[in-house]
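>>> Return atomic coordinates for the entry below.
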Amino acid sequence: MSAAPRILAIDDEVPIRKLLRMGLTSQGYEFREAPSGKAALRLLAEDGIDLVILDLGLPDIPGHELLRRIRETWPALPVIVLSSRGDEAGKVEALDLGADDYVTKPFGMNELLARMRTALRHQLAQQGERPVFRVDELSVDLVRRIVRVGEREVKLSPKEYEFLRLLVHHAGKVLTHAHLLREIWGAVADTQYLRVYVRQLRQKIEPDPERPHYILTETGIGYRLRAPD
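Numbering: from 1, shown residues only. Predicted coordinates for the structure are as follows:
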């Protein structure tokens, strides 16, 4: 999964897509949208989507049929269905077809976010990735995007979090400067970028930034995050 989970909203109603875009991007998610089933299938084939929000009332492909196609091709992809308040049969059918959860319209953003976190956490557990990474006093919640040192919550910028999450995914392994630059900035750039972000991260998470305990330098090669014992 990418540093910021990519969410695809499939809904033909512009106001719903706008609401989802505003609510999800404000929480740090990457947002993709499709007004139809065909557009959604194209995006799914081209982009690395981490979770789908699916409205069942689409103009071209019936929502349940689209869900069936998604499950056939992407069996592990979390799908949350948006359903009408009285459509109990539609909810049951969607769950039988493999939807992870459903939210009834009109829905609250907090409720949707909670359902999304649960679905993503389940996916991480299925993939064998721990939803919460811990080493000594440092913990990184990969679903809720919360970093703590002891009981203190650490506020990170989006890029700082991407950097730390990438290290978490490869804890114990040395990541080269080129690999880090490519994964975070999308190109090979000046390694000074890395030094700046490492220095900022160490100031926030290390007990003694001058003698790092978590983010370790491999001179001339790159960086490594201390792995749990």
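>>> Over to stretch 9-16 now: how far is its first residue from its last?
9 Å (CA to CA, to the nearest Å).
>>> what comes up buried for that stretch?
Neighbour counts over stretch 9-16 (16 or more other CB atoms under 10 Å) mark 9-12, 16 as buried. Quick note: C-beta positions are derived from backbone N, CA and C, even for glycine.
>>> Looking at those, which one is closest to Leu181?
Ala9 (31.0 Å; CB to CB).
>>> Now render the buried residues of stretch 9-16 as a markdown table, adding pLDDT.
As requested, these are exported to a markdown table (pLDDT from 0 to 100):
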| residue | pLDDT |
| --- | --- |
| Ala9 | 97 |
| Ile10 | 97 |
| Asp11 | 95 |
| Asp12 | 94 |
| Ile16 | 94 |
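>>> between those residues, which is closest to Glu46?
Nearest member of the buried residues of stretch 9-16 to Glu46, counting by CB to CB, is Ile10, at 14.5 Å.
>>> if we can go back for a sec, can you list which of the buried residues of stretch 9-16 are found in strands?
Mapping those onto strands (DSSP state E) picks out 9-10.
>>> Go through the buried residues of stretch 9-16 and name the one nearest Arg32.
Using CB to CB, the buried residues of stretch 9-16 come closest to Arg32 at Ala9, 7.3 Å.
>>> ok, now which ones touch the closest one?
Applying CB atoms under 8 Å, 6 or more residues apart in numbering, we find Ala9 in contact with 16-17, 20-21, 24, 31-34, 52-53.
>>> Highest neighbour count among those residues?
Tallying neighbours with other CB atoms under 10 Å puts Val52 at the head of the contacts of Ala9, with 27 neighbours.
>>> thought it was touching Ile80?
Yes. Contact criterion CB atoms under 8 Å: Val52 and Ile80 qualify, at 7.2 Å.
>>> Tell me if I'm right that Leu41 and Arg69 touch.
Yes. Counting by CB under 8 Å, Leu41 touches Arg69, with 6.9 Å between them.
>>> Strands along this structure, start to end?
6-10, 30-34, 51-55, 79-83, 101-104, 132-135, 138-141, 146-149, 152-154, 175-176, 215-218, 222-225.
>>> report the angle between the axes of the fourth one and strand 51-55?
Taking axes from the mean of the first three to the mean of the last three CA atoms, to 10 degrees, one finds that strand 79-83 is oriented at 20 degrees with respect to strand 51-55.
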